[in-house]
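Novice: With the input below, show me the fold.
(4 chains)
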2 protein chains.
Amino acid sequence: MATPLAQRKRQLVQDELTRAALGLLAGKGFEAVTVDEIVTAAGVSRRTFFRYFASKEDVVVQFLGDMGTGMCAELAIRPAHEPPSVALRHAVSVSIDACAGHDDRSLRVVRLILGTPALLARFLERRAHWRDELAAALAHRLRLDPVTDPYPHLAAGVALAAFDTVLHQWSGSNGTADPAALTDRAFTVVAPALDAVGQPCGPLSAGSVP
Amino acid sequence: MATPLAQRKRQLVQDELTRAALGLLAGKGFEAVTVDEIVTAAGVSRRTFFRYFASKEDVVVQFLGDMGTGMCAELAIRPAHEPPSVALRHAVSVSIDACAGHDDRSLRVVRLILGTPALLARFLERRAHWRDELAAALAHRLRLDPVTDPYPHLAAGVALAAFDTVLHQWSGSNGTADPAALTDRAFTVVAPALDAVGQPCGPLSAGSVP
DNA sequence: GCCATATTGACACTCAGTGCCATCTCCGGC
DNA sequence: GCCGGAGATGGCACTGAGTGTCAATATGGC
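Specialist: Numbers count the residues shown, from 1 in each chain, chains lettered A, B, ... in the order given. Prediction:
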């Protein structure tokens, strides 16, 4: 390994910061905890915190990891003959498992995000990036032009709408519901839309777009 | 009228604040403009600004108005025999028209929101509230239980995914595309999902949810 | 004219986030 | 073993968003 020691020290600081932050935030709520309290609990300086996280929201949102990258990676390795609904269901399942898989902390983090407007806003912004990445991967997979054809953007949005509903249901059930079953059920509903590429409207069904 | 004069003075201040803010923000970008610059241009005090808007983001996002309320109102007055896809398409069209209808300012505001992470985050948070309101209205319309049945939440999310794609295309075309045609085209794709309520999965198709 | 109410402006304050610089530690070259 | 560069850290000062408080002013009804 090139620089294993410095790299691991960095990871150690980040983990401790995340641990201290999640503990405080889950107990007192997001806006009731200041960055000073977090860094005091973690034993580092205030300035160091902002070298690891761009904002106070990032400590929570970054905990969920790079789910967007995971979804695109899964979509890329799905067999080419799979219909979009199946490939997208597997891609979304990767993120769902990442959310629900960890330990009890995952549920608390998800509930914290869904219940805090500032955190929800940041999360949704990140989710919008996932949609764009998914749309690009889908356009590549189906050999569609991502700028002229609205289907990839729309299909990615529909798949993430299913993701939203699954996360909402799982959070509402206090983690007792089976994420895989919820995902299957949601995709059963949206599958007809995801597989409806190119059938009813070729270039344009009706309208005045030049 | 009860208090027409004071009410109209209040509206006057708010309009002037919005006008000054949009002018500055469109010209210099969101984070390059401080609240002090806005209030100086509008001729009021800094404290007054935060009595009209909860945050700097709110000046921009509130400009789009209460589109969520408009969508739900339209959904409520659609004939009961209309399939969900048609009723939701008309509901979404109300917001699309509200976005694209005004003057040139609408396009600049939309492009500003879609291009500024902080504004996009706030907009998406507001959009999440629209989805919840739409889901409640849809559950009432179809006489479904909004807590046990995932369909209303999912259908509202799918309809707003279509909304996102239409807004994205319209913004990308510099306002030259016809919003109604884009909306029709998007809903042609998602309609099979919106009208698939209760057919394939009654209580649950497969899984282990208690 | 007088009082209740609402709006505003001014000031002080907390807190998020950033730039800058001094310090320390690690690591490779000599 | 010593030295010099690179990266990580801490401290400090600063800008800017957002809030609480209070006094001054304007409105509207009596």
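Novice: residues contacting residue A:56?
Specialist: A:30, A:35 (Cβ atoms under 8 Å, 6 or more residues apart in numbering or on different chains). C-betas here are computed from N, CA, C, even on glycine.
Novice: how near is residue A:96 to residue A:182?
Specialist: Distance check for residue A:96 against residue A:182: by Cβ to Cβ, to the nearest Å, it reads 8 Å.
Novice: Then residue A:141?
Specialist: With distances taken as Cβ to Cβ, residue A:141 is found 25 Å from residue A:182.
Novice: Equivalent analysis for residue A:40, please.
Specialist: In this structure, residue A:40 and residue A:182 are separated by 40 Å, where distance is defined by Cβ to Cβ.
Novice: So for the two, which residue has more residues nearby?
Specialist: Each of residue A:40 and residue A:182 had its neighbours counted (other Cβ atoms under 10 Å in any protein chain shown), and the higher figure belongs to residue A:182 (24 against 14).
Novice: Hmm, the more buried one is touching residue A:166, no?
Specialist: Yes - counting by Cβ atoms under 8 Å, a contact exists between residue A:182 and residue A:166, whose distance comes to 4.5 Å.
Novice: quick one: low-confidence parts of chain A?
Specialist: Within chain A, the segments meeting pLDDT under 70 span A:1-3, A:198-210.
Novice: Give the closest residue to the residue most central in space within it in space, chain neighbours not counted.
Specialist: Per Cα atoms, centre = their mean, the C-alpha nearest to the average position across chain A is that of residue A:67, at 4.7 Å. With Cβ to Cβ, 6 or more residues apart in numbering or on different chains as the criterion, residue A:67 has its nearest non-adjacent residue at 4.0 Å, and that residue is residue A:95.
Novice: For that neighbour, identify the helix or strand it belongs to.
Specialist: Under the criterion DSSP states H and E, the helix or strand holding residue A:95 is helix A:84-101.
Novice: Compute the number of surrounding residues for residue A:94.
Specialist: For residue A:94, which is what you asked about, the neighbour count (other Cβ under 10 Å) is 18.
Novice: mind giving me the domain ranges of chain A?
Specialist: With automatic domain parsing serving as the domain definition, the record reports that chain A contains domains spanning A:4-53, A:62-194.
Novice: so, in contact with chain B or not, the first one?
Specialist: No - counting by Cβ under 8 Å from any Cβ of the partner chain, no contacts exist between domain A:4-53 and chain B, the nearest distance being 13.1 Å.
Novice: Quick one: end-to-end length of that domain, please.
Specialist: 21 Å (Cα to Cα, to the nearest Å).
Novice: does any part of it sit near DNA strand D?
Specialist: Yes - shown here: domain A:4-53 in contact with DNA strand D (Cβ under 7 Å from any atom of the strand) through A:6, A:9-10, A:13, A:43-48, A:51-52.
Novice: Pick the one among those closest to DNA strand C.
Specialist: residue A:47 (4.8 Å; Cβ to the nearest atom of the strand).
Novice: what's residue A:55 in contact with, if anything?
Specialist: Contacts for residue A:55 (Cβ under 8 Å, 6+ apart) come out as residue A:122.
Novice: mind checking how far it is from residue B:166?
Specialist: Residue A:55 sits 31 Å away from residue B:166, taking Cβ to Cβ as the criterion.
Novice: what do you get for residue A:13?
Specialist: 45 Å.
Novice: does DNA strand C sit close to stretch A:49-63?
Specialist: Yes - on the criterion Cβ under 7 Å from any atom of the strand, stretch A:49-63 is in touch with DNA strand C at A:50, A:54-57.
Novice: Would you map the helices across chain A?
Specialist: Using DSSP state H, the helices of chain A run over residues A:4-28, A:35-42, A:46-52, A:56-61, A:67-77, A:84-101, A:104-115, A:117-142, A:151-172, A:179-194.
Novice: Tell me how many other residues surround the closest residue to residue A:190 other than its chain neighbours.
Specialist: Distance criterion Cβ to Cβ, 6+ apart; nearest residue to residue A:190, sequence neighbours excluded, is residue B:193 at 4.6 Å. With neighbours defined by other Cβ under 10 Å, the count for residue B:193 comes to 28.
Novice: Near DNA strand C, which residues of chain A? Just list them.
Specialist: Checking chain A against DNA strand C by Cβ under 7 Å from any atom of the strand, the hits are A:3, A:5-6, A:33-36, A:46-47, A:50, A:54-57.
Novice: Could you turn the buried ones of these into a ChimeraX selection?
Specialist: To isolate the buried subset of the residues of chain A next to DNA strand C in ChimeraX, counting by 16 or more other Cβ atoms under 10 Å in any protein chain shown, use the following:
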select /A:33,56,57
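Novice: Now render the helices of chain A as CSV, adding distance to residue B:28.
Specialist: Conversion of these to CSV gives the following (distance: least, Cβ to Cβ, whole Å):
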stretch, distance to residue B:28
helix A:4-28, 34
helix A:35-42, 29
helix A:46-52, 25
helix A:56-61, 25
helix A:67-77, 31
helix A:84-101, 37
helix A:104-115, 32
helix A:117-142, 22
helix A:151-172, 29
helix A:179-194, 41
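Novice: ok, and which of those has the densest surroundings?
Specialist: Comparing the helices of chain A by mean neighbour count (mean count of other Cβ atoms under 10 Å in any protein chain shown), helix A:151-172 comes out on top with a mean of 25.
Novice: Okay, angle between that one and helix A:84-101 too, please.
Specialist: Compare the direction of helix A:151-172 with that of helix A:84-101 by axes from the mean of the first three to the mean of the last three Cα atoms, to 10 degrees and you get 30 degrees.
Novice: Packing partners of helix A:151-172?
Specialist: helix A:84-101, helix A:104-115, helix A:117-142, helix A:179-194, helix B:151-172, helix B:179-194 (3 or more Cβ pairs under 8 Å, 6 or more residues apart in numbering or on different chains; DSSP states H and E).
Novice: quick one: residue A:89 from residue A:70, how far?
Specialist: With distances defined as Cβ to Cβ, the gap from residue A:89 to residue A:70 amounts to 14 Å.
Novice: on that earlier part again, what sits in contact with each of residue A:96 and residue A:182?
Specialist: A:166, A:170.
Novice: Minimum distance to residue B:113: which of the helices of chain A has it?
Specialist: With Cβ to Cβ as the criterion, residue B:113 lies closest to helix A:117-142 of the helices of chain A, at 11.3 Å.
Novice: Run the angle between that closest one and helix B:151-172 for me.
Specialist: Angular relation of helix A:117-142 and helix B:151-172 on a 0 to 180 degree scale: 70 degrees, by the same axes, to 10 degrees.
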